[in-house]
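1. Any chance you could fold what I've pasted below:
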Amino acid sequence: MIVGSVQWNEKALRSHSPKKFTEKMLADSEGKGVTVLAFPGFFGELFLNEKEFINFFIKKSLRYKWMYICPGSYFERDGDKIYHTSVLVHQGDVVLKQRQLYLSTWEKKREVSRGEKVEFVRIEGCIVALLLPTDQFYPQISRHMKLKGVELVIAPSAVIASNKRALQISGLWQNVQQNLFFAIESGYSGKMYNLPFSSESFIHAPLEITPKDDGFLASSKGEELLITSEIKIAALTEAETKYNPIRQLNQSVYKNMYK
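-> This is a model prediction of the structure:
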């Protein structure tokens, strides 16, 4: 399976509308044979409203029928509550929806509500889950996903700007190495709600099955707008024979979370 990750760099893409940018990324992904494509965290907030955002990607998914598209994350209004949410669309349908389970300080100030459970979907025999930006820094969620059989995590990302690259790495990269699944991390770089975000895009894999033993199958290095890589789910079994820290945990504690 070939997967793709999109990078949104506000500084470099000032003259690009989100819709035109999306159309280019989809066309480029088609040319590379991508099956699963992820857009960055907060990408939905660049659209007029959430209805326009979701409907736009649903229509695009009818054009790219073989592709599963995560349009990024957005703030979902549900009655008097707001959730930080992401979806996965395929052939005109929302096949997976996930609300963020934990909140950052700035999200709490905006009175964002917490989600309650972790959802899953199967793609070509692979169990897939969505992981929202703040949740990437809560290892219990990734452990729960692993114990539920998740093999691929799609993560629309938005990390507060920092002088240290290690801040972003301490999130999803670390969870991939501890839980041994693949992950598509799509980064948002720019301002949102008067806060600076600086996230790169990565395609993660366990150290044992990456060419440079560094946990990366592909990296945007903050410059490439689309990165792609082939992932082989069967390789996870090989990685587990070499290193599998999940065996040492009290698995029942994590497995029964977020029912």
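2. ok, so what distance separates the closest residue to Pro18 other than its chain neighbours from Pro71?
-> For Pro18, ignoring the flanking residues on the chain, the nearest one in space by C-beta to C-beta, 6 or more residues apart in numbering is Leu46 at 4.3 Å. (Each C-beta comes from the backbone N, C-alpha and C, glycine too.) From Leu46 across to Pro71, the span is 11 Å (C-beta to C-beta, to the nearest Å).
3. With neighbour numbers in mind, choose between these two.
-> For the pair Leu46 and Pro71, the greater number of neighbours falls to Pro71 (27 against 20), based on other C-beta atoms under 10 Å.
4. Contacts only, for the residue lying closest to the more buried one once chain neighbours are set aside.
-> With sequence-adjacent residues excluded and distances taken as C-beta to C-beta, 6+ apart, Pro71 is closest to Phe57, at 4.1 Å. Residues in contact with Phe57, defined by C-beta atoms under 8 Å, 6 or more residues apart in numbering, are 22, 69, 71, 89.
5. Quick one, which of those are buried?
-> The neighbour-count test (16 or more other C-beta atoms under 10 Å) marks 22, 69, 71, 89 as buried among the contacts of Phe57.
6. Test my guess that the last one contacts Ile69.
-> Yes - counting by C-beta atoms under 8 Å, Ile69 is a contact partner of Val89 at 5.2 Å.
7. what residues do the two have in common as contacts?
-> Taking C-beta under 8 Å, 6+ apart as the contact rule, Val89 and Ile69 both touch 57, 61.
8. What distance do you get for the residue sitting nearest the centre point of the chain to Tyr243?
-> Centroid-nearest residue in the chain, with C-alpha atoms, centre = their mean: Ala155, separated by 1.2 Å. Distance check for Ala155 against Tyr243: by C-beta to C-beta, it reads 22 Å.
9. one step back: closest to Lys97 out of the buried ones among the contacts of Phe57?
-> Nearest to Lys97 among these, counting by C-beta to C-beta, is Val89 at 9.8 Å.
10. and that closest one, which of the three is it?
-> strand (DSSP: H, G, I helix; E, B strand; the rest coil).
11. Identify the residue nearest it in space, chain neighbours excluded?
-> Nearest non-adjacent residue to Val89, counting by C-beta to C-beta, 6+ apart: Ser61, 4.5 Å away.
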